[in-house]
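Novice: test case, fold it:
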Amino acid sequence: MNQFGTKECRLHIRCDERTRQVLDKAAGYTHTNLSAFVLNQALAAAERILGEQESITLQQEDFLAFLTALDTPSEPNAALVRAFERHAEQVV
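Specialist: Residues are numbered from 1 along each chain as shown. This is a model prediction of the structure:
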């Protein structure tokens, strides 16, 4: 089985002739067909973007401050207390 599992979906892409030639040439250099090349490159870019958007990198000092804040939460203010009370009333 290939790395993508069963191929159940189709993806249609329209492009101009120059773009197609560039993609064909790049696919040839990587010894893959055009579909595999485009899919591999798009997936790699998507995973990179998701990693950038869904993770946070902190400096050591900031990370320690974050951990300290988690370990020593502040007392809830009046608005938070009311929100918890409303939640208890409305959610079974």
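Novice: top helix in the chain by residue count?
Specialist: Longest helix of the chain, by residue count under DSSP state H: helix 34-54.
Novice: go ahead and flag the most central residue of the protein.
Specialist: The centroid of the chain falls nearest to L50 when counting by C-alpha atoms, centre = their mean (2.1 Å).
Novice: contact partners for that residue?
Specialist: Residues near L50 by C-beta atoms under 8 Å, 6 or more residues apart in numbering: none. For the C-beta atoms, the positions are set from N, CA and C on the backbone; glycine is no exception.
Novice: report the buried residues of the longest helix of the chain.
Specialist: Buried residues in helix 34-54, counting neighbours by 16 or more other C-beta atoms under 10 Å, are found at 37-38.
Novice: R18: which element?
Specialist: helix 17-29 (DSSP states H and E).
Novice: so which other helices or strands are in contact with that helix?
Specialist: With contacts taken as 3 or more C-beta pairs under 8 Å, 6 or more residues apart in numbering; DSSP states H and E, helix 17-29 sits against helix 34-54.
Novice: quick one: contacts of the next helix or strand after the helix it packs on?
Specialist: Moving toward the C-terminus from helix 34-54, the next helix or strand (DSSP H and E) is helix 60-71. Residues outside helix 60-71 that contact it (C-beta under 8 Å, 6+ apart) are L58.
Novice: after helix 60-71, which helix or strand is next? Please name it.
Specialist: helix 78-90.
Novice: contacting residues around that next one?
Specialist: Contacts to helix 78-90, defined as C-beta under 8 Å, 6+ apart, come from residues P76.
Novice: coming back round to it: report the distance from the longest helix of the chain to the chain centre.
Specialist: 10 Å (C-alpha atoms, centre = their mean, to the nearest Å).
Novice: just stretch 73-82 next, same as before
Specialist: That offset, for stretch 73-82, works out to 32 Å (C-alpha atoms, centre = their mean).
Novice: the chain should start at 414 in everything you say after this.
Specialist: With the count now opening at 414, the last piece we talked about shows up as stretch 486-495.
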